[in-house]
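Student: give me coordinates for this.
(6 chains, ligands or ions: 2)
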Amino acid sequence: MIVVAMVLMTLGTAFVLAAAIGVIRLRDPLQRMHSATKAGTLGTALLILGALLTGTIDRTGTGLLTLIFLLITLPLVAQVLARASYVSGSRLEGIGSDPLDGELDRTDEMLR
Amino acid sequence: MTLTILSAVLGLVLAIALVLAGWRMVRGPGFADRVIALDMLTAIAVGFAALTAVTTGRGAFLDIALGIALINFVATLAFAAFLERKRREP
Amino acid sequence: MKQLRRLRAICVLTAIFLWDLVVASVSVARIVLAPTIRTHPAIIAVPVSVRRPWAVALFAYFTSLTPGSTCLHVSDDRTRLYLHILDTQDAEASVARFKQLYERWILELEA
Amino acid sequence: MLYALTGAGIIGCAIFMILSRNLVRMLLGLSLLATGTNLLLFLAGRIGSEQPPIIRDGAKALGVSADPVAQALILTAIVIGFALTVMLGVLVLRAWRSGGTVDAREVDAAEMVGPAQERDDLHG
Amino acid sequence: MFVILLISLIGACVMPLAARVIGRGAGLVIALLPIGLLAAFVSMAPVVERGWVLGEGRNWAPRIGLDLTLRLDGFSFLFCLLVTGICALVVIYAGGYLTGKPRQERTRFFTLILLFQTAMLGTVLAESLLVMLLFWEATSILSFLLVGFDSRSARARRAALMALQVTAFGGLMLLAAVLMIGHVLGSYSMAEAVRQAETIAASPLGTPIVACILIAAFTKSAQFPFHFWLPNAMQAPTPASAYLHSATMVKLGIYLLARFEPVFAATGWGRGVVVTVACLTMLVAALQALRAENFKSALAYSTIASLGILTLLVGLDGPAATVAMVGFLLAHALYKAALFFCAGVVLHATGQQNLRALGGLARVLPFTALACVGASLSMAGIPPFIGFISKEFLFEAQIESSWETAPLAIAVIVNAAMVGVAGVVTLRPFFLGGAKHRELRNGESLSLVAPPLLLAVAGLLISLDPDWITRVALRPAVAAVYGRAVDVDIAVWHGLTPMLMLSAVVIGIGALIVRYWRQIHIRLRGAERFDRLALEKLWERSLRGLMHGSRALTGWVQHGDLRRYLLVVVGGMAALIAWSVIAAGAVPRLPDAGTLRLAPALVALVGLGGAVAATRAQSLFTAMIATGLTGFSIALTFMLNGAPDLALTQFAVEALLVVLLTALLMAVPLASPATRTPAMRRSDAVVAGVMALMLVAGIVDMAAGPQGSAASAFYSEMSYLGGKGHNVVNVILVDFRAFDTLGETMVIAMAAVLARSLLMRRGRAAQEAAQPSVHFSFQAFGRVLSWTLLAASLVILWRGHDQPGGGFVGGLVAALSFALLSLAYGVERAERTLRAGPLTLVGIGMACTLASGLPGLIAGRPYLTHLWWEPVWFPKLGTTMIFDLGVYLVVLGAVLAFLFGLQREATK
Amino acid sequence: MTCMGDALLLTLPVLVPFLGAALALLLRKHPAAALMTGLAASGFVLLASVALLTRVMVDPRVPLTVFGGWPQGFGIGFSAALPGSALVVVTALILFAAAIYAIGDIGPRRRRGGYDALMLAMAGAMNGACLTNDLFNLYVWFELALLAALGLLTIDRRPAQIDGAIRYAAFAMLAATFILIGVGMIYGMTGTLDIRTAGAVLADSPASVASAVAAALLLGGLMLKSGLAPFHLWLPASYHTAPTTVAAVFAGLLTKMGFYALLLVMVVIFGVGRGAPGGAQLTPLLGGIAALTMLLCVAGALGQTDMRRILAYHVVAQVGYMMAALALGTRDGVTAAIFYMVHSMIVQANLFFGAGLIRRASASWDLTRAGGIVRREPLFALLFAVPVLSLSGIPPFSGFWAKLFVIRESLDADMAWLGGVALLAGLLTIVSMSTFWSDACWKDARRTSMRAVPKSGLVAMALLSAATVVIGLMPQWLWSIAQLSARLLEGQG
Ligand code: NA
Ligand code: NA
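Tutor: Ligands and ions are numbered 1, 2, ... in the order given. Reported below is the predicted structural model:
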């Protein structure tokens, strides 16, 4: 059990680190957003799961609630951030055609 | 014991992740980049809380994890709202 | 009977949701950790068949969990989702996948 | 030692920002100032145990833990600092609305003497 | 004597009311007071005559060395006679002089005059120097009010201010002198000071004491170079001039000098200064008197000259000088008051006081002319008037004293000038110049002419039969001043003495002056260098310079640049710390190097990095994000070091700051043009860096010191047993140190009031804020999430006593739930959801928090003693919960007040 | 019973204003009710505080209550040691007078803006600061006073008020930071927040860098609060923007509260006057600060024509005198400082009241435009002369004794130069104030139509003027209290 916990925790941390690296390395805000929200949240979720499995903490309920809440908010945050990035005029690397052009107002110059 | 050492190592990894996210927050270049990096911090903080719960053996820190999860996404949403609304101003 | 179908839809959606989460994360991690970053991002419009607001929201929610995709915007008349895809070679195929994977089951819920 | 450097460093940065003539920057500086102060206060309770000052279930008294008094003080200070920061934010916003500037050099109604001030009094 | 003072004081308040009721005769009625007082003093004459000193003591404030001892000796007695006697005449005279003035003004005048009389009596009767000082200052203030009596006139006000400022300066000097004497002797007794004159003079404070006394006396008695205020003070109504500025108040300086003669005599240089100043004064005043073209100012300058003579006499050694001083004091009071009265009648009658414009008044004002002649003869020192006798004594004193020629010569000149002035002021208005004034505004009346006539007659009678007055007043006075009895022989005829010759010379020169007054006058007027001697210009210019200098200094200090203000504060603070550390001479200690955990250290450093980045950020938004990074990292630092409550609160605060400050940033421009030059930034950085280093030194040293808090130990033990809570931090907040929390709750509540009053409210916004464009999904999920947060906040509140949480965090999280609502659906919707106004929430919360302490108080225990109810079938309940609920509500209400207001403003 | 009574008496000066504030907040939509709440609460606090002072004077045991019923030193305690309880009386008197004055000065609009709640909160904060035994609690009261002050300052929402408030807030937050770090360091060194215990612990430990830094931080922070030069820069630019009643209360209370805390900290914790390690090295600085404050601020007053600015500068200059007394480092110096503080609180508030009425009558704050008061409002001119003369140090008013004591003690402490500076500043004060009175009251009014001054204003002024006269005529009474206070402060009660 403890081994599983440790593996989960390590894996989770690795995901968080990967997400952070993505935030650094990816080329535009929208891409970075994918990394930050998805990988980051999964990493955290694994960490919590691992922590619960260590058996040293008697807060399974709290831990699960945290997990659920993270998972509920994750896509929401992703969507809202994505739109905000788009609208605030972020440069979009390598986007061919933009079907949103004309549908959603967007700042010509990136807010910086 | 292994658990403690592992936690310390993982903590350091999380701290490195924090440094990276912080770097992006500070460097930008766009507002959106900074906000996205900020959202990354939530994950890191929750991770830290979970780790601390393990090292201290205190459930209180999981409460904190839940608290952070509950609280921080509002900040992200507020930032997003700011980016959306600020756009039309010069 | 209707309830049973809904339950099944919920179960399937949850399963897809969890699986996708893992896949999404792993794929992002792979991209990020690759020696050189090679992504082909795109913004695509996905027509929506579900009508109820919560159903549309649910659709948007699930699309945002998928590997490397996020709902960027929902058109005001709620007939189209605009997705940002992190890495795709074929936009058409992606659209089809979303409709096939999620919208089917959400329609089931909405019915 | 490291924390002392961090706290004082934050306060130094905060002071540097406060000295800016941009009122919003000053406001952010004051918020930083509160943060740095809190860290220094935390040091007054000494940094040592990472055990929280929460009595374990079933126990009657607290074992080894971080200093609870310093924490209580900081908690108070955090909330007060928050109230002050936001309050100052409101004032800055008002100044912006009335004068169209957040440059402290142009926000000088209180330093003015003479007829302009007088008019302001009579019709304000 | 207390009774006399008290009657005088009460009378001063009551008697003038007569002026409200009675018209013309008011003066006579009111004069009953000074007459009665005079009678009272005269009745004490037999005691004084024997050289006894009447003393009365009352405790006033012994602990501050203040006793209300009064003391009547010969010198005081002489002053008392003059003060009350002339007061009676002044009051009678004023009764006529002020006819036709509004009742209110008359009442005011009489009140001031009678109060002044009280103050004078107090000054000369006081034994305690402090008490004397008290009355002394009162005379200054009353003089100020009387000089500026006609306050509509700018000149009068200016003169009054000048008089006040000069005499108040003297008063402060006297205060200093008195305090120094008290410091040297340990007592404020005047008798003691005189007895221990040598001690005072020999003490290190001797020189400043004497200097201060001299300055005090010179200002009060209008001695050079402070003489300029007196001619200006003639703006006062004439009765007041007669009383204050010639007969009594100005002589207080002489009184002081005479009393302290032993002290300055003991210094070795005191006499020289006094004599020199007196001579200068006499010369300047005599010349100015001849220049004066105005009746009253001629008299005023002659008064200054007379005061110079008196000062000279105090300065001279030998008994004759004292005799001369006392005699001249009396003589001068008599004739000068009479002359002022006459000037007043002339002014009253003609509205004119330019000597060249007056003439031939003897025909229309015969009694005035008569009185004037009498007084002038006395002033000119023509036998058999009392002025003659006093002049004889003056010369005798000079010859006897150790001072030889110069003062004597000056005295001759000055006396000659006095003769001249006396002649001029008598002859020109009354007898020369033809009948210029046929139409008079006011004629003579009994109350106007009786006082000067009485004085003139008195001057004559006294000199013809000086025995009584010598016995009763002069001899005791001389004895009191000189310290032992002196045989005073006063008579008009002393035989052919050098003094008589000098008198003759004086009169001769004086006659010439009268003859050629016009020429001399015009010559002198033309010589502008005398204007410079007036010194009042200098005084005024220096005052104006002071004002300008002050304004310039203030303009320089208070330049309005907030940055420089703050720089001064921070720099000053750093300097203060540096001084403190260096002066304390302590060496910083270093704490034992413990095991440094890498992760928390790195987290803290990220916080520092955020702060550094905030200082370098170009955009305000970036600065805010960087600030947020710092707050976030410090919250993590708290969490990693065993402070979950702090972490949670800090996270909540950071989140709310984001919500609130983005609303602010929504309104203001984000790009801020540079407000500081690179050099400024450098200097700011240096100051900030130095400040930070100081703090590091202090904190590191503190951390190296011994550790261990009794309070912490107590709380750790008692938190569960006494406070019934597992979370020690929370128990401290709601129980052990609940009073802090109470105050803090009030802080937040007041912040809410401020926010509510400064920010827009519902209904005040003319146009409804446009529905913000929000992501569809956000709107779809917003409500659910918001309710989740609200529920969570209640859980945090409830569990706070045992687990991380409590009212503060609970309230903050609840506020976040409303923030979410307003972000998703607009602020209107959020406000509607709340229903009650935020301030109502705050008010209820305050009431809860405050009331939670009352049960304890009612139960006879201290306030905020919490009571518990622990039924077996239900979780324990305590008043702490009401307390925490109140905190929750206040925090929620306050944050919402900010949130709603700021968001409304932002979307305007 | 006595204990119970003590607890009640000690709690009321804080509890009543706060309850009143809560009530006023709930009633803010009904200005008349809010007014009555404010008036009733202020009056009640005055009675309670007088009762408390009487209790202290009658019974030598110092009343003490520890909130929450914990042992002393472990909860936050209030003790009615002098001078705290005496200051509570003065505070209550001023606030009661202000409540009366406000009847004619604070209209419904301001009351709807929360005036009464803010004022009562301020009252509670002041009283709390006077009575508390706890260092951090003192900080909390300062913050409350600050917030209430800012709310009162900006109640009309005028640009000048906002600007003044920003400046004030910036300085106050800096001050709060310094104070807070100082307090934290004291706790870090002594492990206690109880002022007396901390003082005792520090007195027994050798001088250290930490205690030197903490002393400087607390001194600097409290100097900022009390407006001592060169940290006074914020004050003249912000006081004058507030409504009269508010400015009067600020002038009477705020800086003095700062100075009281300074006195407390310097004397009790750092042992100024006892040569204890930690604070002794600062004593030489205090004299310089005092002299600078007196001269700079009197000069500031001389250069102005706006009544409120003149008075604001005098407010600071007066703190300079108190500092001068404290700087002497003797017990009698401390006594003189306390005496001066009480005198100055009453007089400053009264002066602002007067200035407000003059402004009401002549529709201008500018002295050059004021005038004619003596003829229109002779009673007012008389009442106004009391604080003017008192501030100028003219006998027999309180200010004379206050100045006299400062100078006398400076002689006894062999710091005559400081007394000399005080004397010089006194002369300039006379120049300034005599011009002030003459211009405002004597001169003819430029305007033909003058508005009558409200009766409530006169009543408020009469109350404070009476206090000034009583102190002036019976200085020993206050001196004894101040002397006892100084003894208690030095722990030799
Ligand atoms: Na002599
Ligand atoms: Na001689």
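Student: could you look up the SS state of F:A325?
Tutor: Here F:A325 is helix, with the state taken from DSSP: H, G, I helix; E, B strand; the rest coil.
Student: those residues of chain E touching ligand 1, which are they?
Tutor: Contact residues (CB under 5 Å from the ion) of chain E with ligand 1: E:316, E:321. The C-beta positions use only the backbone N, C-alpha and C, and glycine is treated the same way.
Student: low-confidence ranges, chain E, go.
Tutor: Scanning chain E for pLDDT under 70 picks out E:23, E:402-405, E:435-438, E:490-496, E:528-534, E:593-594, E:760-772, E:908.
Student: packing partners for the helix or strand harbouring E:V263?
Tutor: In the assignment (DSSP states H and E), E:V263 maps to helix E:261-265. In terms of contacts (3 or more CB pairs under 8 Å, 6 or more residues apart in numbering or on different chains; DSSP states H and E), helix E:261-265 is packed against helix E:190-195, helix E:197-202, helix E:206-220, helix E:270-291.
Student: nearest to chain F, of those helices?
Tutor: helix E:206-220 (8.1 Å; CB to the nearest CB).
Student: circling back to that earlier point, and the helices and strands packed on helix E:261-265 as CSV, adding mean neighbour count and distance to F:G75?
Tutor: Output for those, formatted as CSV (neighbours: other CB atoms under 10 Å in any protein chain shown; distance: least, CB to CB, whole Å):
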stretch, mean neighbour count, distance to F:G75
helix E:190-195, 18, 55
helix E:197-202, 18, 57
helix E:206-220, 23, 54
helix E:270-291, 22, 65
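Student: what's the closest of these to F:V316?
Tutor: helix E:206-220 (27.8 Å; CB to CB).
Student: show residues contacting that closest one.
Tutor: E:136, E:166-167, E:169-171, E:173-174, E:176-177, E:180-181, E:184, E:200-201, E:203, E:223-224, E:226, E:249-250, E:252-254, E:256-257, E:260, E:263-264, E:267, E:270, E:273-274, E:277, E:311 (CB atoms under 8 Å, 6 or more residues apart in numbering or on different chains).
Student: who are the neighbours in contact with the spatially most central residue of chain A?
Tutor: Centroid-nearest residue in chain A: A:T37, 1.0 Å away (criterion: CA atoms, centre = their mean). Contacts for A:T37 (CB under 8 Å, 6+ apart) come out as A:74-75, A:77-78, A:81, B:39, C:70.
Student: check E:T497 too.
Tutor: By CB under 8 Å, 6+ apart, the residues touching E:T497 are E:392, E:396.
Student: in the helix ranked longest in chain C, what's buried?
Tutor: When chain C is parsed with DSSP state H, its longest helix is helix C:2-33. The neighbour-count check on helix C:2-33 (16 or more other CB atoms under 10 Å in any protein chain shown) flags C:9, C:13, C:16-17, C:20-21, C:23-29, C:31-32 as buried.
Student: between those, which sits nearest chain E?
Tutor: Proximity of the buried residues of helix C:2-33 to chain E (CB to the nearest CB) peaks at C:F17, which lies at 15.0 Å.
Student: wait, that closest one sits on C:L65?
Tutor: Yes - the criterion here is CB atoms under 8 Å, and C:F17 meets it with C:L65 at 5.9 Å.
Student: now do the shared contacts for the two.
Tutor: Contacts common to C:F17 and C:L65, judged by CB under 8 Å, 6+ apart, are absent.
Student: separation between the most centrally placed residue in chain C and chain F?
Tutor: Central residue of chain C (CA atoms, centre = their mean): C:T63, 2.0 Å from the mean position. Applying CB to the nearest CB, to the nearest Å, the value for C:T63 to chain F is 47 Å.
Student: for C:R97, same thing?
Tutor: C:R97 sits 56 Å away from chain F, going by CB to the nearest CB.
Student: how about the top helix by length along chain A and chain D, touching?
Tutor: If you go by DSSP H, chain A has its longest helix at helix A:60-87. No - Helix A:60-87 does not reach chain D (CB under 8 Å from any CB of the partner chain); its nearest approach is 14.3 Å.
Student: work out the gap between that helix and the centre of the chain.
Tutor: 8 Å (CA atoms, centre = their mean, to the nearest Å).
Student: that one - contacts with which helices or strands?
Tutor: Looks like helix A:60-87 contacts helix A:29-34, helix A:40-53, helix B:31-56, helix B:60-86, helix C:53-63, strand C:69-74, helix E:776-799 (3+ CB pairs under 8 Å, 6+ apart).
Student: and the stretch 601-750 of chain E, which residues reach chain A?
Tutor: Counting by CB under 8 Å from any CB, the stretch 601-750 of chain E sits next to chain A at E:619, E:621, E:670.
Student: what's the neighbour count on the last one?
Tutor: So that's E:L670. For E:L670, the count of nearby residues is 20 (other CB atoms under 10 Å in any protein chain shown).
Student: how about the one 3 residues further on?
Tutor: Per other CB under 10 Å, the neighbour tally for E:P673 reads 7.
Student: where does the closest residue to chain D within chain A sit: helix, strand or coil?
Tutor: Using CB to the nearest CB, the closest approach of chain A to chain D is made by A:D58 at 8.6 Å. Following three-state DSSP, the label given to A:D58 is coil.
Student: and the nearest residue to it once chain neighbours are set aside, what does it touch?
Tutor: Leaving out its chain neighbours, the residue that sits closest to A:D58 by CB to CB, 6 or more residues apart in numbering or on different chains is B:G59, at 5.6 Å. Counting by CB under 8 Å, 6+ apart, B:G59 touches A:57-59, A:62, B:53.
Student: quick one, helices of chain D?
Tutor: Listed in chain order, the helices of chain D (DSSP H) span D:2-18, D:23-44, D:68-99, D:115-123.
Student: returning to that earlier point: the longest helix of chain A: which residues count as buried?
Tutor: Within helix A:60-87, the residues that qualify as buried are A:62-63, A:65-67, A:69-87, counting by 16+ other CB under 10 Å.
Student: any idea how far B:A21 is from the nearest residue to D:L32 once chain neighbours are set aside?
Tutor: Nearest residue to D:L32, sequence neighbours excluded (CB to CB, 6+ apart): D:A14, at 3.7 Å. To B:A21, D:A14 is 22 Å away according to CB to CB, to the nearest Å.
Student: repeat that for E:F385.
Tutor: 107 Å.
Student: more neighbours: those two, which one.
Tutor: Taking other CB under 10 Å, E:F385 and B:A21 do not tie; B:A21 has more neighbours (30 against 27).
Student: could you find the closest non-adjacent residue to F:A248?
Tutor: F:F352 is the one closest to F:A248 (CB to CB, 6+ apart), at 3.5 Å.
Student: what about the one helix or strand the one you found maps to, average pLDDT?
Tutor: In this structure, F:F352 is located in helix F:331-362 according to DSSP H and E. Average pLDDT, helix F:331-362: 91.
Student: would you confirm that F:L311 belongs to a strand?
Tutor: No - looking at F:L311 with three-state DSSP, it is helix, so not inside a strand.
Student: grab the nearest non-local neighbour of it.
Tutor: F:L311 sits nearest to F:L351 (CB to CB, 6+ apart), 5.2 Å away.
Student: just the buried residues of the helix or strand where F:L47 lies, please?
Tutor: Element membership of F:L47, judged by DSSP H and E, is helix F:31-58. For helix F:31-58, the neighbour count (16+ other CB under 10 Å) marks F:31, F:33-39, F:41-46, F:48-49, F:51-53, F:55-56 as buried.
Student: any weak-confidence spans in chain D?
Tutor: Scanning chain D for pLDDT under 70 picks out D:109-124.
Student: just the helices in the stretch 351-500 of chain E please.
Tutor: Ranges of helices in the stretch 351-500 of chain E, per DSSP state H, counting those that start in this stretch, are E:366-380, E:386-400, E:405-426, E:446-464, E:467-469, E:475-482, E:498-515.
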